[in-house]
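Trainee: would you be able to build a 3D model of this:
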Amino acid sequence: MIAVLAGGVGAARMLAGLVQIVPPTEITAVVNTGDDLVLHGLHISPDLDTVTYTLAGAINPETGWGLAGETWQAMASLARYGGVTWFGLGDQDLGTHLYRTQRLHEGADLATVTAEIAAAWGLALRLLPVTNDALRTRVTVEGEGEVGFQEYFVERRHSVTVSSVRFEGAESTRPAPGVLDALVAATTVVIAPSNPIVSIGPLLAVPGVRDAVEARRDDVVAVSPIIAGAALKGPADRLLTELGHEASVVGVARLYAPLAATLVIDEADTDLATAVEAEGVRCVVAPTIMSGPAEAAALASVVINSTSRS
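Mentor: Numbers count the residues shown, from 1 in each chain. As a prediction, the model looks like this:
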């Protein structure tokens, strides 16, 4: 059994590699919900949807989010009325949010609805939100104050300087049913190549999750989302620097050392392998850029064979 801590595009591609080499029924993905928001009265779960659409082969390949072949008539209509359009929702994608919102209003919890959506897309792996409770990532922008994550990430295109990040409501949340069981039962726990601050951070802020991962440290393999000092996509490198961390594989090793015994880094950072191991983690060097299905499967194979007990 494989448990994956997941958030965003990098995690979705990692999972797409894993399902090629491990029976999907043996994989549980625990997905970030700190990015969730309510907009136009709809409950939107961006990371859960990115993982779902990617594994279903329906993701927009140009953006890494949303659906391929999408149309935007609803957004065009909304713009005509002067409505909020900075967060784009395609016409097909709206159906997902409408269904999720309907089911939540009917009393279903987020984990149940997520399982229903995954099944509708024909996915065999177990897809779990980290919590059924409200968990929201909040970002303090210098000179502006605190904003919601999507306002920072989408509306401001993550181009502003951040001075702090917090996970609103985390202390009152509980792991969704099955989350802790998956972390305890897994032969390998994978920390996907997701943003350590705003994708993995919210997962670890849910009471019990960090403790469960730390207890499995020898069986935890993390994949660095930083390659040659930069993030392939998104603001991970800038956030690390702005919040006082080192934007390198060494900085990632320092963050993950209490959680993971092994860190997989890209070949571009081979010369930093010794420095990574000086942080107390075993370093595995491999190609980590998942440019296609074959590359994703190759990286997945490295990961599941890279625990400190292998």
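Trainee: now the helix or strand encompassing residue 276: average pLDDT?
Mentor: Taking DSSP states H and E as the definition, one finds residue 276 inside helix 273-277. Summarised as a single mean, pLDDT over helix 273-277 is 98.
Trainee: from the chain's centre, how far out does the helix or strand where residue 184 lies sit?
Mentor: If you go by DSSP H and E, residue 184 is part of helix 179-185. Taking C-alpha atoms, centre = their mean, to the nearest Å, one finds helix 179-185 lying 18 Å from the centre of the chain it belongs to.
Trainee: now do it: everything it contacts.
Mentor: Identification of contacts with helix 179-185 by C-beta atoms under 8 Å, 6 or more residues apart in numbering yields 1, 3, 28, 30, 126, 128, 130-131, 189, 206, 208-209, 212-213, 215-216. Backbone N, C-alpha and C define where each C-beta goes, glycine included.
Trainee: give me the buried positions along that helix.
Mentor: By neighbour count on 16 or more other C-beta atoms under 10 Å, the buried set for helix 179-185 is 179-180, 182-183.
Trainee: any idea which helix or strand comes after it?
Mentor: Along the chain past helix 179-185, the next helix or strand (assigned with DSSP H and E) turns out to be strand 188-191.
Trainee: which strands or helices does that next one pack on?
Mentor: strand 2-6, strand 220-223, helix 293-304 (3 or more C-beta pairs under 8 Å, 6 or more residues apart in numbering; DSSP states H and E).
Trainee: so the longest one versus strand 2-6, what angle?
Mentor: Counting by axes from the mean of the first three to the mean of the last three C-alpha atoms, to 10 degrees, helix 293-304 lies at 110 degrees to strand 2-6.
Trainee: and the average pLDDT for helix 293-304 is what?
Mentor: When pLDDT is averaged over helix 293-304, the result is 97.
Trainee: what do you get for stretch 80-94?
Mentor: For stretch 80-94, mean pLDDT rounds to 96.
Trainee: distance between the ends of that stretch?
Mentor: Terminal residues of stretch 80-94 are spaced 18 Å apart (C-alpha to C-alpha, to the nearest Å).
Trainee: list the buried residues for it?
Mentor: 85, 87, 89-90, 93-94.
Trainee: while we're on residue 104, how confident is the model there?
Mentor: 98.
Trainee: er, residue 310 actually
Mentor: We have a pLDDT of 51 for residue 310.
Trainee: start the count at 836 instead of 1 going forward.
Mentor: Done: numbering now begins at 836, and the last item shifts to residue 1145.
Trainee: strands of the stretch 886-1035 of the chain, start to end?
Mentor: 961-964, 971-976, 980-983, 997-1003, 1023-1026 (DSSP state E, counting those that start in this stretch).
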